[in-house]
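>>> Predicted model, plus sequence, below.
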Amino acid sequence: MPPLPVFFHDGIMDATRDGMRPWQKPAPWVTDAHEHTYGEDCLNLNIWTPAADGAKRPVLVYFFGGGHFEGSNCEQGLVAQPLLKDENCVMVTPNYRVGALGYLYLGHLLGEKYALSGNLGLLDQIAALKWVRDNISRFGGDPDQVTIMGQSAGAKSVACLLASPMAQGLYRRAILMSGGLQCIKDIQTEKALTRNFLQAAGLGEEQAAQLLNLPVEKIRDAQEKANEVYFKAESYGATADGLVIAEDFEAELRRRRLDGVQILMGHTLQELFLRPDADKSPLSDEAMQQRMVWKFGDNAGHVMEKYRMILEEKGFEQAWGQTMTNYTYVQAYQRTARLFADCGAQVFLYRWDAPGAPVASHTSDLETLFDMRSDILPDAASRLKRIFTQFIRTGTPQLDEPWDACTHDSLPQMQLGQQAHMQRLENGVDDTFPLQVMKLGE
């Protein structure tokens, strides 16, 4: 069900510790899982402020990533100090429901009462932004100077907030790191993913109401079982339900416009390339086709065709890295940027090359901003932080070199390597590939 406002009892609430994390199977790299409680009562947020003094400081609201099935607002290292310690800004990190609890669409099986079920995580984020609007001034923040920011699934969430009329007016700026509008799925795809989830839970569609009383551990187990058929990082995320997000959200966004909104968005050079310590043994053609269906659904054939072309010329490692990076992130990045610019937003683009690191992999820009790694060249790390903090404060990410906003016909992109320089991107959009990365028929 959608989130509801909290009405506290009289007295003092202890807010000195992290709240409950969203229910999930913690990722193997989450080494502090034993120190936290995971559960459904997870709609809390963390606030960092220089002083709760009524001043009007810029506010950064950061939405965590994790494929819409894991993550939390108190991930290790996700604190304000590395990025904002000298910036006189407020930072807020909300939780939202993930996995089936946040995004499993049930409207077609359980009726109108559950019509919003495919967007509960997004509605949680909107509720958090409304809380910020109504309360952040008590923590020294300016509700009229809110930047929403996210990485990976967090960036996709930010894109969905921009696409939803229900979030309009709750932000002034947006930062999208490795994510755009590609996670929004049509109802037909959602029905197929729901059917896969129910089968994993040992239920038929006529038994869907049993989910309402299923122990939360069984929900988690069903997510893991369903992941054997379709990749869970593509199985969850927003639904074009016609309520929270329009069925034709691109057309709706063009009508509604984003005039006055400033957007900084980018991706890493080698988002999904194999890391140096990864197994680089080539997969058979059959195994690769299965992997493509697992990740892209009905779009698999198209991506497989592109993969084979690169494989013949450059070998497995390059074919894997280029096709996975391009069709998971870069295609949607360019298409989303162009749409936002067409809708009147000021859109500034960047590419992060992670200078000093062996691979400019997914999350390497986020890890640099929050001092989670030591292999990035210090000047490049300082430059990235300066870009982000200036954008949060002013809405422009200018460096010494002019940084133009993009238009439909021009995509200037700042390449952030050992040095920063502007590149004009050619139109690299594959018009035969849909914006929606995971697509399934009936």
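All right, it came through fine. Residues are numbered from 1 along each chain as shown.
>>> rest of the way, CA atoms for contacts and neighbours
Will do.
>>> Would you mind measuring from the closest residue to residue 133 other than its chain neighbours to residue 195?
In this structure, residue 133 finds its nearest non-sequential neighbour in residue 143, 5.0 Å apart by Cα to Cα, 6 or more residues apart in numbering. Using Cα to Cα, to the nearest Å, one gets 41 Å for the distance from residue 143 to residue 195.
>>> between those two, who's got more neighbours?
Counted by other Cα atoms under 10 Å, residue 143 and residue 195 do not tie: residue 143 has more neighbours, with 23 against 20.
>>> Quick check: that one touching residue 136?
Yes: with contact defined as Cα atoms under 8 Å, residue 143 reaches residue 136; the gap is 6.4 Å.
>>> Could you tell me which residues touch both of these two?
Jointly contacting residue 143 and residue 136 under the rule Cα atoms under 8 Å, 6 or more residues apart in numbering is no residue at all.
>>> all strands of this structure, in order?
21-22, 38-39, 45-48, 57-63, 90-94, 141-151, 173-177, 262-268, 346-352, 411-416, 420-425 (DSSP state E).
>>> returning to that earlier point: report the contact partners of the residue nearest to residue 133.
Contacts of residue 143 were listed using Cα under 8 Å, 6+ apart, and they are 59, 132-134, 136-137.
>>> Give me the subset of these that lies in helices.
132-134 (DSSP state H).
>>> Give me the buried entries from these.
132-133 (16 or more other Cα atoms under 10 Å).
>>> Pass me the low-pLDDT residue ranges in the stretch 201-350 of the chain, would you?
Counting by pLDDT under 70, the stretch 201-350 of the chain contains no low-confidence range.
>>> Kindly recompute the last result at 90.
Residues of the stretch 201-350 of the chain that meet the criterion pLDDT under 90 lie in 276-277.
>>> now the helices: where do they sit in it?
216-226, 232-235, 249-256, 285-296, 300-314, 316-325, 331-342 (DSSP state H, counting those that start in this stretch).
>>> do the stretch 1-150 of the chain as well
81-84, 100-103, 107-110, 120-135.
>>> deepest of those helices, which one?
helix 100-103 (a mean of 25; mean count of other Cα atoms under 10 Å).
>>> now for that one, which elements pack on it?
helix 120-135 (3 or more Cα pairs under 8 Å, 6 or more residues apart in numbering; DSSP states H and E).
>>> Remind me what the helix it packs on packs against, helices and strands.
Counting by 3+ Cα pairs under 8 Å, 6+ apart, helix 120-135 packs on helix 100-103, strand 141-151, helix 153-163.
>>> Residue 71: which of the ones you listed is closest?
helix 153-163 (9.6 Å; Cα to Cα).
>>> ok, the residue nearest to residue 295 when sequence neighbours are not counted to residue 439 distance?
Distances taken as Cα to Cα, 6+ apart place residue 231 nearest to residue 295, at 5.2 Å, with adjacent residues excluded. Residue 231 sits 12 Å away from residue 439, taking Cα to Cα as the criterion.
>>> Mind checking which of those two has more residues around it?
Taking neighbours as other Cα under 10 Å, residue 231 and residue 439 compare with residue 439 leading, 25 against 21.
>>> Quickly list what the more buried one is bridged to.
residue 297 (DSSP bridges).
>>> ok, it - contacts?
Under the criterion of Cα under 8 Å, 6+ apart, the contact list for residue 439 reads 185-186, 189, 296-299.
>>> Could you rerun that using 6 Å?
189, 297-298 (Cα atoms under 6 Å, 6 or more residues apart in numbering).
>>> from these, which is closest to residue 384?
Nearest to residue 384 among the contacts of residue 439, with distances taken as Cα to Cα, is residue 297, at 35.5 Å.
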